[in-house]
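Q: coords please:
(2 chains)
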Amino acid sequence: MAGFLVRRFVAIIPVMLLVATAVFLLLKLTPGDPVGVILGPDATEERRQALRDDLGLNDPLPEQYLRWLGDAVRGDLGDSLFLNEPVLSALADRAEPTLLLTLLSTLVALSIGLPAGIIAAQNRGKWLDMGTMAIAIVGISMPTFWLGLILILVFSVQLRWLPVAGYAPLSDGLWESLRYLILPSVTLGVAQAALLARMTRSMMLEVLGAEYVLVARAKGLAERRVVYLHALKNAIIPLINVAGLIFAALLGGAVVTEQIFNIPGIGRLLIQAVGRRDVTLVQGSVLVIAAIYVLVNLLVDIISAGLDPRLRKTEG
Amino acid sequence: MTSRKLGEAIPMRSNRREFTLGMAGAAGALALGSQPTSAQDEVEIPEGGTLQVAIIGEPPAVADAVFTTATVTNNVSQQIFETLFAFDSSFTPQPMLIEDYEGSEDGLEFTFKLRTDVPFHNGDPMTAEDVVASLNRWGEINGRGKLIYGRMDSIEATDASTVKMVFNQPSGVLPSFLARSEAMITPASVAEAAGTDQIPEDQLIGTGPFKFIEHQVDRYLRLGRFDDYAARNDPPNGLAGKRIPYLDGIDFVPVPDESVRANGLITGEYHFSDVLPSDLHEMLEMDPAVDPIIVQPYYWYSPHFNKAQGLFTNPALRQAVQLCFSESEAMLAGFGQEEFVRFDPSVCGEETPWYSTAGADVYDRVDLEQARALLKEGGYNGETVRWLATREYPYNFLMADFTRQGMEAIGMKVELIVSDWATLVQNRAKPDAYEIFLTGHSQYSHPATQPFNDPAWPGFWESEAKDTLVNEMVAETDLEKLKSIIDEYTALIWDEMPFVKCGDNFVLRGIRQEVVGYNNMPDWFFWNLGLNG
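A: Numbering: from 1, shown residues only, chains lettered A, B, ... in the order given. This next block holds a predicted model:
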């Protein structure tokens, strides 16, 4: 297990370096002027030039790259050009809403997707299966922004049950915070639930056809025991992988939802940073999101390896 | 909440619905709500409560209006900081932090007598030294400040409450410049420590009715009432006169998505919302809890030609473009509804003292024959006109696309280069990157303060005649004489055609019924205003 872990950790380094370089180059090749946004429409050209000099935006590209990479390796992602604060502290300030939103959405996805997939598999070919999968297709195909807007229209504007947008931190109380997160979590969770339901269904079908399930049934075990104890336990490993990916995707991919619901999370920070050409902030955010992605993947691998000894040998 | 009567006139009508509909009406109701009204319009202003204000985004540099020229920052800043002058409802500068001032007739000397009872938020009294240090910072980094400092021989605090400025050229425009929020007064220590950098949050110390409390980026910028605020005694008029902070505080909430701002206003999460989509006007009007507000004057829009390089260095080709499309139709193409646009050749709104009707004979004239003749005369040879446009602001693309059709009708080739706004701003500064871009300018700014007067500003308008007139506008102390210079300046614009002024656009904002005392000026402010219930 130790060797497995070390190999997995070392493999992270080239991935992160690649991400860092790609992000840096992409941003430098994209036109756009952060100084124009910071100084406003009436600023003189002279002043814009002076600020570009101050921010180091006029330095040669390789120099900027090496400086940034050197700092990043030491854990310093620089200062946001627009917010005038370190990138890491800007990200840390926004971690809470994004993390909560991700957890709640994953919860929504799991609590709808898993049972739906199992029920569909159990009722293969019957109307319950087809109905569930039809709903899942709709769920996957529905754009999140559209669902978000419909939910806002119904539950916030018409019924006035929940706030339209915004965020209250946990320090304001759990319920206050949840009130703001319910609609966005459902918005995000539903699409992922649909995906999860389809995955669960096919995993379960595969396992339910296996010989040991036949044996379990032949032994005269109750169907519930067969499904939940024997089948699900074996289907769970690929599902953990899917759940991990969903979690990581939500963490970095809540961009649109955070924008619609005006949640001050990492996704919205990133979108605004792109619009403002806040280069250091975009670089830092993407790097951190990539790191989270890689770490969640690693964690999933470790859990899977812990559950299934075969993986430690073959994948290691 | 307790109620208190404000003795002086509050620019407020008794019937809010009427007030709003009146504003939404025609030009006859101009500047309604910003008119100083008489004492019989007394309104009960409730005390207390926190106003939730949805703003269009996180203000750059928080509230430092010297550091950035962004409108949202300027508006936030004027709740915290004050200036030596403030604009009244007809955009005339009136004393704010000064008791009185004397300007020599030749426009070369100004002596400002400061009010002596004005404390900063940190408790220190405002002195002449603070004013000199603040203006020095403004003169060092702000465009208009630089212009003033370039003509100035000296600025000094002659005693604790007197500031004297001596110029080497007449500078009658000074009060108008000093009334802008960027000429804000801070303690000398703050101005000196910040220099060309932005003022740190814990140093946002002004003399205004509200003080800085807390800033949570992307969540809110919180201001609280300044209990020791020293109000003037003259009646409120626009931004000038007596200011009373009735609210306990203001939360500025950055809400970049305009539909979220609208929904939040309707559901009562925000009491006030800046810029709303104009097509929501009717819907807001039908909602009994909300009043739509049409802000006029606001901005005017024009395609700017690149005059440094390429085709449009030739004035004949610029005139050809002006003749090939209808400016008023371009405005309608960009902004849709008629109640939000005004067709006018002037670069200043008719609500301001700087309005001019010069250019009316050229404005909105379409003559394709003459346009084609001018193209020929100008030696146009089928070259492609690169037009920088963005869909980030829908009007920007729509107006460009409309004008393109006119240009193609006279045989020009036009390529719309569509990008996001940040890219456009970068590209328009490069003379070799384009022929035309479109942008907006304030209708309520002194014409000498427009950025395009600077030949380094994108579009690159170099003109001796323009420089002379701008210099005269800056120098002039007499309003009547100033008006005739502005007429000449406006006529010059329609003659040299550095850009084609298409028309004025008004912006839609919204306010909840429970807000009492809102005054509809282009730059919003929240003193002399309270919350019911």
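
Q: which stretches of the stretch 201-316 of chain A form helices?
A: A:211-218, A:223-225, A:232-253, A:255-260, A:266-275, A:279-307, A:309-314 (DSSP state H, counting those that start in this stretch).

Q: For the stretch 51-200 of chain B, which residues are neighbours of chain A?
A: Residues of the stretch 51-200 of chain B that fall close to chain A, judged by CB under 8 Å from any CB of the partner chain: B:57-58, B:60-61, B:67-71, B:73, B:141, B:143, B:146, B:196, B:198. All C-beta spots, glycine's among them, are computed from the backbone N, C-alpha and C.

Q: Narrow these to those that are buried.
A: Neighbour counting by 16 or more other CB atoms under 10 Å in any protein chain shown classes B:57-58, B:60-61, B:67-71, B:73, B:141, B:143, B:146, B:198 among those as buried.

Q: In strands only, show me these.
A: Nothing among these maps onto strands, per DSSP state E.

Q: The helix or strand containing A:Asp129: what's the following helix or strand?
A: Under DSSP states H and E, the secondary-structure element containing A:Asp129 is helix A:127-141. As assigned by DSSP H and E, the chain's next helix or strand after helix A:127-141 is helix A:144-151.

Q: just checking, what packs against that next one?
A: Helix A:144-151 makes packing contacts with helix A:174-208, helix A:255-260 when contacts are defined by 3 or more CB pairs under 8 Å, 6 or more residues apart in numbering or on different chains; DSSP states H and E.

Q: Figure out how far it is from the centre of its chain.
A: The chain centroid and the centroid of helix A:144-151 are separated by 18 Å, computed with CA atoms, centre = their mean, to the nearest Å.

Q: Hmm, B:Ala230 and B:Arg243 touching each other?
A: No. Proximity of B:Arg243 to B:Ala230 does not meet the contact threshold set by CB atoms under 8 Å, at 9.6 Å.

Q: Please say which of these two ends up with more neighbours.
A: Counting neighbours by other CB atoms under 10 Å in any protein chain shown for B:Arg243 and for B:Ala230 shows that B:Arg243 has the greater number, 22 against 17.

Q: who's in contact with stretch A:84-94?
A: Residues outside stretch A:84-94 that contact it (CB atoms under 8 Å, 6 or more residues apart in numbering or on different chains): A:75-80, A:83, A:264-266, A:268-269, A:280-281, A:283-285, A:288, B:61, B:198, B:216-218.

Q: quick revisit: any idea of the angle the helix holding A:Asp129 forms with helix A:174-208?
A: Angular relation of helix A:127-141 and helix A:174-208 on a 0 to 180 degree scale: 120 degrees, by axes from the mean of the first three to the mean of the last three CA atoms, to 10 degrees.

Q: Now A:Gly56: closest residue in space, sequence neighbours ignored.
A: A:Gln64 (6.5 Å; CB to CB, 6 or more residues apart in numbering or on different chains).

Q: For burial, what's the neighbour tally of residue 300?
A: Unless you meant another one, I'm taking chain A. One way to gauge burial is a neighbour count; for A:Val300, by other CB under 10 Å, it gives 19.

Q: if you could check chain B rather than the one you did, that'd help
A: 23.

Q: For it, give the beta-bridge partners.
A: B:His441, B:Asp504 (DSSP bridges).

Q: Now do the same contact list for B:Gly224.
A: Here B:Gly224 is in contact with B:210-211, B:213, B:248-249 (CB under 8 Å, 6+ apart).

Q: any idea how far A:Glu46 is from B:Phe67?
A: When CB to CB, to the nearest Å is applied, the distance between B:Phe67 and A:Glu46 equals 15 Å.

Q: Spit out the contact partners of B:Trp527.
A: Applying CB under 8 Å, 6+ apart, we find B:Trp527 in contact with B:79, B:209-210, B:243-246.

Q: Mark which of these are part of helices, please.
A: Counting by DSSP state H, the contacts of B:Trp527 place B:Gln79 in helices.

Q: Which one of the contacts of B:Trp527 is nearest to chain A?
A: Within the contacts of B:Trp527, the smallest distance to chain A is 17.9 Å, found for B:Gln79 (CB to the nearest CB).

Q: so what's the residue nearest to that closest one when sequence neighbours are not counted up against?
A: Closest residue to B:Gln79 in three dimensions, ignoring its sequence neighbours and counting by CB to CB, 6+ apart: B:Phe210, at 4.5 Å. If you count contacts by CB under 8 Å, 6+ apart, B:Phe210 has them with B:79-80, B:223-226, B:245, B:247, B:249-250, B:526-527.

Q: Could you check how many residues crowd around B:Glu480?
A: Each residue near B:Glu480 was counted by other CB under 10 Å, and the total is 7.

Q: would you say it is within a helix?
A: Yes. The assignment for B:Glu480 is a helix, going by DSSP: H, G, I helix; E, B strand; the rest coil.

Q: Listing request: residues of the chain with sub-threshold pLDDT.
A: Here I'm looking at chain A. Where chain A drops to pLDDT under 70, the residues are A:1, A:252-253, A:311-316.

Q: that's the wrong chain, I wanted chain B
A: Low-confidence segments of chain B (pLDDT under 70): B:1-42.

Q: Pull up the residues of the stretch 1-150 of chain A that are close to chain B.
A: Among all residues of the stretch 1-150 of chain A, those adjacent to chain B (criterion: CB under 8 Å from any CB) are A:30-34, A:36-48, A:50, A:82-85, A:90, A:93-94, A:149.

Q: mind listing which of these are in helices?
A: For the residues of the stretch 1-150 of chain A next to chain B, secondary structure assignment (DSSP H) places A:34, A:36-39, A:45-48, A:50, A:90, A:93-94, A:149 in helices.

Q: could you flag which of those are buried?
A: Those of these that meet the buried threshold are A:34, A:36-39, A:45, A:47-48, A:90, A:93-94, A:149, by 16+ other CB under 10 Å.
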